[in-house]
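[1] Fold the following for me, if possible:
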Amino acid sequence: MTAAENVCYTLINVQSDSEPPSEVSLKADLEKGEIKAKTEALKKVIIMILNGEKLPGLLMTIIRFVLPLQDHTIKKLLLVFWEIVPKTTPDGKLLQEMILVCDAYRKDLQHPNEFIRGSTLRFLCKLKESELLEPLMPAIRACLEHRHSYVRRNAVLAIYTIYRNFEHLIPDAPELIHDFLVNEKDASCKRNAFMMLIHADQDRALDYLSTCIDQVHTFGDILQLVIVELIYKVCHANPSERARFIRCIYNLLQSSSPAVKYEAAGTLVTLSSAPTAIKAAAQCYIDLIIKESDNNVKLIVLDRLIELKEHPTHERVLQDLVMDILRVLSTPDLEVRKKTLQLALDLVSSRNVEELVIVLKKEVIKTNNVTEHEDTDKYRQLLVRTLHSCSVRFPDMAANVIPVLMEFLSDTNEAAAADVLEFVREAIQRFDNLRPLIIEKMLEVFHAIKTVKIYRGALWILGEYCSTKEDIQSVMTEVRRSIGEIPIVDNEIKKETGELKPEDEVSAAPAQKLVTEMGTYVTQSALSSSRPSKKEEDRPPLRGFLMDGDFYVAASLATTLTKVALRYVSIVEDNRKQNSFVAEAMLIMVTVLHLGKSSLPKKPITDDDVDRISLCLKVLSECSPLMNDIFNKECRKSLSHMLAVRLEEEKLSQKKESEKRNVTVQADDPISFMQLTAKNEMTSKEDQFQLSLLAAMGNTQRKEAADPLASKLNKVTQLTGFSDPVYAEAYVHVNQYDIVLDVLVVNQTSDTLQNCTLELATLGDLKLVEKPSPLTLAPHDFANIKANVKVASTENGIIFGNIVYDVSGAASDRNCVVLSDIHIDIMDYIQPASCTDAEFRQMWAEFEWENKVTVNTNIVDLNEYLQHILKSTNMKCLTPEKALSGFCGFMAANLYARSIFGEDALANVSIEKPIHLGPDAAVTGHIRIRAKSQGMALSLGDKINLSQKKANL
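    Numbering: from 1, shown residues only. This is a model prediction of the structure:
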C-alpha cells in the first residue's frame, strides 16, 4: 500500500456547520475546566487536527493537564488524539514531549483496569514510531499473562503488528506466541495467536495444528475458520500436504457453525476433485441453504452449487443430488426457487427425471391449495415451465405431466394458464400417442376456462386436433353449451324485457349482519346483491366474452367451427348429417355476427372480425378442396415448422453451452504433473482468500485488464489543465453500487498549499458518501484523494466540483480551480439478459416511459447496424437469428437488458434500407426504448444517439 492508501482506523463525524474555536479558549478549557469541559475541548482539538490544523502549542498543555486524569472517556479520547497528532519534528526526529507520553502509556499497560490495558494495547497496534514502542515492550509481554482474556487477545494483536512492522523489537515473537497458544484456553485468544502464526511463521502454526488435529471439531468457530484458511494456504502452496489435512476438512463439514461449513466446503472443492469430496461439499451446501433463514445467504450458496455444476466432472456427482437440491423449494422466496429449478433442470438426466417430475407435480398441486399470493402465481408459472422443459427433453414423462397441468387451464391467473396451454399445444403436435388423452382432458376443463385468451387457445387446439366423429360432436356440444341459447340477440332482449318474473321478485328478507376482514359489522341488504349476480353469473362463458365486446374470440370460434365442420364432412358419409352439422356451425357464426352488429355488447364487433367470420361462412357454403387443405393441413404445417425451429434453437444453445464447459486440450499442449510442479509455479493459481479480500475492498482485477487497451488509463479523466496551479486527474472505478474516484492532485507552484480541499457535487441519482478531508501540499508535491459516490439507479450521472486551497503566507482569499465534469456511463450498470416473448410484450404494455430515437448513422447494412447497437448498449437481441437472416430491405428486432439494480430496459428496432437511394444509402428508421423510470429511458436514448455512427478507422 502507498502512504495515501494506508488503512484508516478512526473515522470521526464532523459537524460541517460548527464554528472552529480559537486556540486560546481551548487552552483555557484544557487547563482549568471541569472534566466535562476538558472532554469537549479535547474533542474539538481532535476535529481541528483532522481538518489539517497543527496546534503545536496545545501538546504540552494536554500532557500536563489532561494526560494524568483517570477518567475513562478522556483516556479513550487521548488514544485517538495520540494516533492523529504529529509526533515528529519537520526533519523527522521524535518530539521530546513524546517521552512523557510513552511513560504514561507504560503505566496504563500496568493499570489494574483490564479495559484500559486492552484499549491501550489496541492503540499500540496503530503506532508507527519504533522509538515510542521500544520502552513499552516488557509491559506488552507481561500482558500476555494477564488474568483477563480481553487483555491477552489484544496483547497478541499488538505483538503481531509490532513484529510485522519492527521485527527487531521482538525477534522471538513467533516462539513466544506458540508457547502462549499451547497453554491458552480462551477461544478468541487462541484465534488471534493462531492467526499471527499463520502470517508470521507458518511452520509453527502447522506444528501446533498437527498436535491437536483430532480435536479441531471441538474448537470454537472463530478458531476453526482460521484453521480452514491455514489448510487452504498450505495446500495451495504445497499440494503434497493435501493428504495430511483433507480428513480435517471433512470433519469441519460437520461443524455447528454455518460459516465454518461454508468455508470448509469451498476449501474441500479446491483441494480435491474426487467424487466423494464433491458430493460431501455439495451436500454441505444444500444443508446450509435449507437451514439458513437469510435469502441472501441462500442465493450466495446456490451460486456456489451452480459453479460446481459448471465443471464437467462434477456435474455427474451433482446429478445424484437433484432430489436433495429440490428440498430448497420449501423456501418461500421466488428468486431462490427460480435458481433452484434452473439448477435442477440443468442436472436432470434419464436416471432422475421420473423422481423430479413427481416432486414438481406435488409442488404444482400445493400451489393450488395455498391462499392466492402474487408470488404463488409466479411460482406456479416457473413449475409449469420446468415441467414443460422436462417433457420436451424426456417425452416419456409427458403422459404423467399433462393431466395434472391441464387442471390449471381453468386458473384465474392467465400467465400460468397460458404457459400450460403452450405446453399442451407443443405436446399434442409432437406426441401423436397422447392426442386422445389431451383431447379428453381439454373437453373436460373447457367449460371451466375463465380467461378469454386461454379460451381462444383451447378452441384452436380442439378445432385443429379433433379427428374422430365423437370428438367433433363433443366439441360442438361444448360450444353450444358455452354460447347458451341461440339466437343470442333475441334471447338477450327477452331477458332484458322479462327480467323480473314473479318468482324472481325480491322478498323482504331480514337484513343479514356480516363480519368484515377488519372485524367490524356490516349490514347486507338482500336487495343489493340478488339481481346483478343472477344476470351476470348465469351467463355461459363464451356469451359473457361476446357481451363484453371481445369479438376476437368469435373469429377464433368461426375458424374452429369451420375446421371441424370440414373434417366432419370428410368423415361422415350421410349427406343429411353433413348438412345438419354444417348448418349448425353456420347458424352459430351468423348469430354471433348479428350480436356484434347489434347494440347489446359493450363494444361493437371490429371490421377484421366481421371479415373473418364472413370468410368462414363462405368457405362452409362452398366447401372447396383448396380451402379444405388450407384450413386442415397448412395451419398445422405452420405450427410444426415453428416448433421445429424453436427446438433447433434450443439444441444449438445447449450445444454452445456444453462446448463452453468442455475443456479442450490440444495435441501439443504440455502436460503438468502436480508432483513435478515447482512451488513458485503452483502459486500462479489464484488464491481464493486473497481474491475474496480484494473483492471486498473493491480492488477486483478484471480479466480484460490483460489487454493493454483495456487498462486503467482508459478510465482516467483529466479534471484541470496543465497550466493550472493545481493539476488533477481522476481514475473512475465503478463497483456495483458505488463509484470510487481516485483523484491525483499535483501542486505545480513553488508555494505550500494549505487546506487543499476537493469539493464535489453530483447531478442525477448519485450521492456523495463523505467529504474528502483537506490536505497540505508542499511545493511540486502530489497526493491521492479518494472519494466515494453511491449509485441508486441506472441513469447517466455527472460529478462536478472544484479544488480550493490557501497559499501559505499570502493574505488573499482562498483560491479555487474549477474541475471538468466527470460523466458516469450508464453502460457500467447494464447487462444483457433474456426473457420470453410474452414477458417482453407484458412489460412493453406496462412501462410508461418511452423514448423514440431516430436512426442517424453512416452504416449501410441493416445487420451491421443492429450488431453495432447491441455492442454499444450491452443489450441482447431476443429476435431469433433465423428471423433476421436474409435481406428484404427492412428489419424489426426486440432488444432487452437488465440493470444491476433489477431495472428492465426494452427496445424495439425498426429499420429499413432505402433501396431507391442507391446501394450506399445509410440505414433509416426508429428505435423505441421503454423503461419503468424516465432516467433509464432517456439515458439509454442518449447512449444510442452518441454511438449510432460508426467511427471511421
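
[2] Any idea how far stretch 333-347 is from the middle of the chain?
    Here the centre of stretch 333-347 is set off from its chain's centre by 14 Å, with CA atoms, centre = their mean, to the nearest Å.

[3] for it, what is the average pLDDT?
    Across stretch 333-347, pLDDT averages out at 85.

[4] again with stretch 746-765
    Within the predicted structure, the mean pLDDT of stretch 746-765 is 85.

[5] repeat for stretch 910-922
    The predicted model gives stretch 910-922 an average pLDDT of 83.

[6] Give the buried residues for that stretch.
    Burial within stretch 910-922, assessed by neighbour count using 16 or more other CB atoms under 10 Å, is assigned to I911, K913, A922. The way it works is simple: take the backbone N, C-alpha and C, and place the C-beta from them, glycine included.

[7] hmm, who's touching that stretch?
    When contacts are taken as CB atoms under 8 Å, 6 or more residues apart in numbering, the neighbours of stretch 910-922 outside the stretch itself are 855, 857-862, 865-866, 889-892, 923-928.

[8] at 6 Å what do you get?
    Where contact means CB atoms under 6 Å, 6 or more residues apart in numbering, the residues beyond stretch 910-922 that reach it are 855, 857-858, 860, 862, 889-892, 923-926.

[9] What number of residues are in the vicinity of K882?
    By the criterion of other CB atoms under 10 Å, K882 has 10 neighbours.

[10] That one falls within a helix, correct?
    Yes - the secondary structure assignment for K882 places it in a helix, going by DSSP: H, G, I helix; E, B strand; the rest coil.

[11] Report the contact partners of it.
    Contacts for K882 were tallied using CB under 6 Å, 6+ apart; there are none.

[12] Sketch out the helices for the stretch 451-600 of the chain, chain order is fine.
    452-465, 469-483, 488-497, 526-537, 541-547, 552-571, 575-597 (DSSP state H, counting those that start in this stretch).

[13] Least reliable of these by average pLDDT, please.
    Per-segment mean pLDDT for those reaches its minimum on helix 526-537, at a mean of 42.

[14] related to what we said a few turns ago, kindly indicate which of the buried residues of stretch 910-922 lies nearest V182.
    When those are ranked by distance to V182 (CB to CB), I911 comes first, at 76.1 Å.

[15] Which members of the contacts of stretch 910-922 are the farthest-apart pair?
    Looking at those by CB to CB, the two members farthest from one another are N858 and A892, with 21.5 Å of separation.

[16] is it true that V364 touches L383?
    Yes - with contact defined as CB atoms under 6 Å, V364 and L383 form a contacting pair (4.9 Å).

[17] higher neighbour count, these two?
    When neighbours are counted by other CB under 10 Å, L383 comes out ahead of the other of V364 and L383, with 26 against 22.

[18] Going by contacts, tell me the helices and strands next to the host helix or strand of the more buried one.
    When elements are assigned from DSSP states H and E, L383 belongs to helix 374-393. The helices and strands touching helix 374-393, judged by 3 or more CB pairs under 6 Å, 6 or more residues apart in numbering; DSSP states H and E, are helix 334-347, helix 353-369, helix 398-406, helix 414-430.

[19] What lies in contact with it?
    Where contact means CB under 6 Å, 6+ apart, the residues beyond helix 374-393 that reach it are 334, 337-338, 341, 345, 357, 360, 363-364, 367, 370, 397-398, 401, 413, 415-416, 419-420, 423.

[20] If any of those are buried, give me the ChimeraX selection for them.
    To isolate the buried ones among the contacts of helix 374-393 in ChimeraX, judged by 16+ other CB under 10 Å, type:
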select :337,341,345,357,360,363,364,367,397,398,401,413,415,416,419,420,423
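
[21] In the stretch 201-350 of the chain, where is pLDDT below threshold?
    Along the stretch 201-350 of the chain, the model assigns pLDDT under 70 to no residue.

[22] Okay, helices next: where are they in it?
    Taking DSSP H, counting those that start in this stretch as the criterion, the stretch 201-350 of the chain contains helices spanning 202-211, 221-237, 242-252, 258-271, 275-291, 295-310, 312-319, 322-325, 334-347.

[23] Give me the contact list for stretch 559-569.
    When contacts are defined by CB under 6 Å, 6+ apart, stretch 559-569 is touched by residues 459, 463, 466, 472, 475, 578, 581-582, 585, 616, 619-620, 628, 631.

[24] now, among the contacts of stretch 910-922, which is nearest to V572?
    Distance to V572, by CB to CB, is smallest for A892 among the contacts of stretch 910-922, at 45.4 Å.

[25] The closest one looks like it's in a helix, true?
    No - secondary structure of A892 (three-state DSSP): strand, not part of a helix.

[26] in what helix or strand does the residue nearest to it when sequence neighbours are not counted lie?
    On the basis of CB to CB, 6 or more residues apart in numbering, the spatially nearest residue to A892 that is not a chain neighbour turns out to be S910, at 5.1 Å. With the criterion set as DSSP H and E, the secondary-structure element containing S910 is strand 904-912.

[27] Quick check: closest non-adjacent residue to Q718.
    When the adjacent residues along the chain are set aside, Q718 lies closest to E729, with 5.0 Å between them (CB to CB, 6+ apart).

[28] ok now do that neighbour, which residues does it touch?
    Applying CB under 6 Å, 6+ apart to E729 gives the contacts V716, Q718, L719, L744.

[29] Tabulate these (JSON lines), appending secondary structure and distance to Y150.
    Listed next are the contacts of E729 as JSON lines, based on DSSP: H, G, I helix; E, B strand; the rest coil; distance: CB to CB, whole Å:
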{"residue": "V716", "secondary structure": "strand", "distance to Y150": "47"}
{"residue": "Q718", "secondary structure": "strand", "distance to Y150": "51"}
{"residue": "L719", "secondary structure": "coil", "distance to Y150": "47"}
{"residue": "L744", "secondary structure": "strand", "distance to Y150": "42"}
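
[30] Most neighbours of all the residues you listed, which one?
    L719 (27 neighbours).

[31] got the contact list for that residue?
    A728, E729, A730, L819, S820.

[32] That one and A783, how far apart?
    14 Å (CB to CB, to the nearest Å).

[33] Which parts of the stretch 801-950 of the chain are strands?
    In the stretch 801-950 of the chain, the segments counted as strands under DSSP state E, counting those that start in this stretch are 815-818, 822-824, 830-832, 849-854, 876-877, 890-899, 904-912, 924-931.

[34] Turn those strands into CSV, columns for distance to I162.
    Written out in CSV, the entries for the strands of the stretch 801-950 of the chain read as follows (distance: least, CB to CB, whole Å):
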stretch, distance to I162
strand 815-818, 43
strand 822-824, 42
strand 830-832, 47
strand 849-854, 60
strand 876-877, 55
strand 890-899, 48
strand 904-912, 54
strand 924-931, 56
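
[35] Mind checking these for the one nearest to V734?
    Taking CB to CB as the criterion, strand 822-824 is the member of the strands of the stretch 801-950 of the chain that comes nearest to V734, at 7.6 Å.

[36] And the closest one, what does it pack against?
    On a contact count with 3+ CB pairs under 6 Å, 6+ apart, strand 822-824 meets strand 797-807.

[37] mind listing what the strand it packs on pairs with, with the direction of each?
    Partner strands for strand 797-807, per DSSP bridges, with pairing direction: strand 753-763 (antiparallel), strand 815-818 (antiparallel), strand 822-824 (antiparallel).

[38] V452: which of these is closest?
    Across the strands paired with strand 797-807, V452 has its closest neighbour in strand 822-824 (46.3 Å, CB to CB).

[39] residues making contact with that closest one?
    Under the criterion CB under 6 Å, 6+ apart, external residues in contact with strand 822-824 comprise T717, G797, I798, I799.

[40] Pull out the buried members of these.
    Among the contacts of strand 822-824, those classed as buried by neighbour count (16+ other CB under 10 Å) are T717, G797, I799.

[41] Out of those residues, which comes closest to P68?
    For the buried ones among the contacts of strand 822-824, the closest approach to P68 (CB to CB) belongs to I799, at 48.7 Å.
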